[in-house]
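Participant: Model the following, please.
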Amino acid sequence: MEKYAIIGGKPLMGEVEIGGAKNAALPILAAGVMTDDIVVIENVPDVRDTNVLMEAMESIGVKTEKISRHTVRMDSSKITECIIDSDYMKRIRASYYMIGALLGKYKHAEVPLPGGCNIGVRAIDQHIKGFRALGARVEIKNGNIIADATELRGTHIFLDKVSVGATINIMMAATMAVGKTTIENVAKEPHVVDLANFLNSMGANIKGAGTDVIRIKGVEKLHGTEYAIIPDQIEAGTYMVAAAATKGDVLVKNVIPKHLECITAKLLEIGCSVIEYDDSVRVQGNGILTNTQIKTLPYPGFPTDMQPQMTVALGIAAGTSIVTESIFDNRFKYVDELISMGASMKVEGNTAIITGVEKYTGANITAPDLRAGAALVIAALAAEGESTIDDIKYIERGYEDFDSKLRALGGNIERYASEDELRRARLKLVQ
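Facilitator: The predicted structure is shown next:
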């Protein structure tokens with residue numbers, strides 16, 4: 001099992017280019033099965049989640065071809081069944097996006113209950129509510145979600161809570177339903193808008209994505225398209241916070257600065273310099289960081305996927321900070337790892353109370369999930385001494401070339417899988 005070895009204490013300096021958004025790529029790849037024509041998707045991140053999803057689609061007859069590392073050609077004209085094997089899908093939560101896509105096109109889907117990171121209860125009740133409102137019969141049986149319909153008909157759906165997954169799934173299912181569908185209290189995240197734009201490029205009629213209400217006029221069929229995925233907001237935010245925590249100076253390239261405004265605002269609050277350009281953001285973390293308060297909220301609020309990274313930065317900021325997690329109920333599992341590195345934090349329910357310390361110190365730590373894993377890498381880069389990070393498989397679910405991009409910024413990080421490799425990695429780190 002591969003791990004990272006890191007010697008911290010060195011500011012990150014230089015430029016880093018951001019790839020396509022994982023959270024947009026997964027539903028867009030799933031939606032690609034909704035046409036029999038050829039679909040070409042550009043800027044697809046080469047990460048574990050997207051690769052597993054493509055393997056799963058191959059298993060039902062979709063032909064996927066990587067024209068280049070980040071461009072995928074899809075041919076879904078020979079889908080043989082609408083049943084996704086659990087061996088693929090239990091590894092990633094994106095399994096449930098195949099329900100909306102297959103139900104919308106074929107009026108049937110059998111997909112295992114979602115896997116992915118264990119960061120708390122992420123109920124699918126709003127997905128099921130939406131499918132049923134459109135006329136589908138839905139049951140959970142033997143660990144699978146089974147959805148079936150003779151016909152899907154447009155309707156009015158009000159989500160009880162803002163849910164990115166439910167918004168995406170219902171939008172896909174309604175795209176080819178008969179009549180008009182109105183979905184209220186929807187998620188407004190950039191990747192929701194990106195999916196709507198992708199579907200519209202295939203001939204869908206979706207309006208209002210990015211607002212509180214999405215209106216869909218069903219179409220009989222979708223056609224092929226060529227489409228480029230937006231840059232990854234969370235990958236960009238991770239490098240922005242890494243620059244802040246290590247007191248570095250990093251130009252984060254190929255981004256949409258508006259998508260990063262909530263992150264930029266908090267970095268400015270804690271004392272960083274942030275300069276926005278047309279498609280890049282420069283973050284300078286010189287000087288002493290100061291405390292602030294953060295509460296995670298649906299977009300355009302502060303993203304839950306950036307909460308662990310910002311908590312790491314606040315752990316070495318002067319004063320007392322409070323971070324409240326309002327999206328998931330189990331997202332502070334990494335705090336014990338930070339405490340082992342010298343952090344002064346305590347968790348009470350869904351709130352972390354953070355008393356800033358002067359520095360972290362190196363430790364042997366384990367990544368509990370994707371974003372917390374990336375946050376612990378930032379902590380190790382900012383720490384004094386050597387750290388090792390186990391279970392980096394979680395990190396590789398959503399970050400392409402994470403260690404090599406950090407090395408290009410001057411980070412002392414190496415990957416290893418054995419004690420011999422660790423010894424060699426240490427020699428590289430101290431050179």
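Participant: hey, let's count contacts and neighbours off CA atoms from now on
Facilitator: OK.
Participant: Heading C-terminal from the helix or strand bottoming out on mean pLDDT in the chain, find the next helix or strand.
Facilitator: For the chain, counting by mean pLDDT, DSSP states H and E, helix 86-89 ranks last in confidence among helices and strands (a mean of 70). Beyond helix 86-89 in the direction of the C-terminus, DSSP states H and E gives the next helix or strand as helix 97-106.
Participant: how far out from the middle of the chain is that following helix?
Facilitator: Relative to the mean C-alpha coordinate of its chain, helix 97-106 is positioned 21 Å out (C-alpha atoms, centre = their mean, to the nearest Å).
Participant: Equivalent analysis for stretch 214-225, please.
Facilitator: Here the centre of stretch 214-225 is set off from its chain's centre by 26 Å, with C-alpha atoms, centre = their mean.
Participant: distance between the ends of it?
Facilitator: Taking C-alpha to C-alpha, to the nearest Å, the first and last residues of stretch 214-225 lie 22 Å apart.
Participant: Also stretch 153-171?
Facilitator: End-to-end distance for stretch 153-171: 13 Å, by C-alpha to C-alpha.
Participant: State the mean pLDDT of that stretch.
Facilitator: Averaging pLDDT along stretch 153-171 yields 97.
Participant: For it, buried residues please.
Facilitator: Residues of stretch 153-171 classed as buried: 153-155, 157, 159, 162-171 (neighbour count, 16 or more other C-alpha atoms under 10 Å).
Participant: Strands - which of these land there?
Facilitator: residue 157 (DSSP state E).
Participant: Which of the buried residues of stretch 153-171 fall within helices?
Facilitator: Per DSSP state H, helices hold the following members of those: 164-171.
Participant: Looking at those, which is nearest residue 258?
Facilitator: Each of these was checked against residue 258 using C-alpha to C-alpha; the closest is residue 164, at 18.9 Å.
Participant: Show the contacting residues for that closest one.
Facilitator: The contact partners of residue 164, by C-alpha atoms under 8 Å, 6 or more residues apart in numbering, come to 186-189, 192.
Participant: Any chance of TSV for the residues you listed, columns pLDDT, secondary structure and distance to residue 426?
Facilitator: Listed next are the contacts of residue 164 as TSV, based on pLDDT from 0 to 100; DSSP: H, G, I helix; E, B strand; the rest coil; distance: C-alpha to C-alpha, whole Å:
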residue	pLDDT	secondary structure	distance to residue 426
186	98	coil	49
187	98	coil	45
188	98	coil	45
189	98	coil	41
192	98	helix	43
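Participant: could I get those residues as a markdown table with neighbour count and distance to residue 388?
Facilitator: Supplementary listing: the contacts of residue 164 in a markdown table, determined by neighbours: other C-alpha atoms under 10 Å; distance: C-alpha to C-alpha, whole Å:
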| residue | neighbour count | distance to residue 388 |
| --- | --- | --- |
| 186 | 28 | 41 |
| 187 | 27 | 37 |
| 188 | 22 | 37 |
| 189 | 22 | 34 |
| 192 | 23 | 36 |
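Participant: burial of residue 313, as a residue count?
Facilitator: If you count neighbours by other C-alpha atoms under 10 Å, residue 313 ends up with 25.
Participant: residues touching it, list them.
Facilitator: The contact partners of residue 313, by C-alpha under 8 Å, 6+ apart, come to 241-242, 244-245, 379.
Participant: Could you rerun that using 7 Å?
Facilitator: Neighbouring residues of residue 313 by C-alpha atoms under 7 Å, 6 or more residues apart in numbering: 241, 245.
Participant: Just the element for it, please.
Facilitator: Short version, using DSSP H and E: residue 313 is in helix 307-314.
Participant: Show me how far that helix is from its chain's centre.
Facilitator: Between the mean C-alpha location of helix 307-314 and the chain-wide mean there is a distance of 16 Å, by C-alpha atoms, centre = their mean.
Participant: Done for today, thanks.
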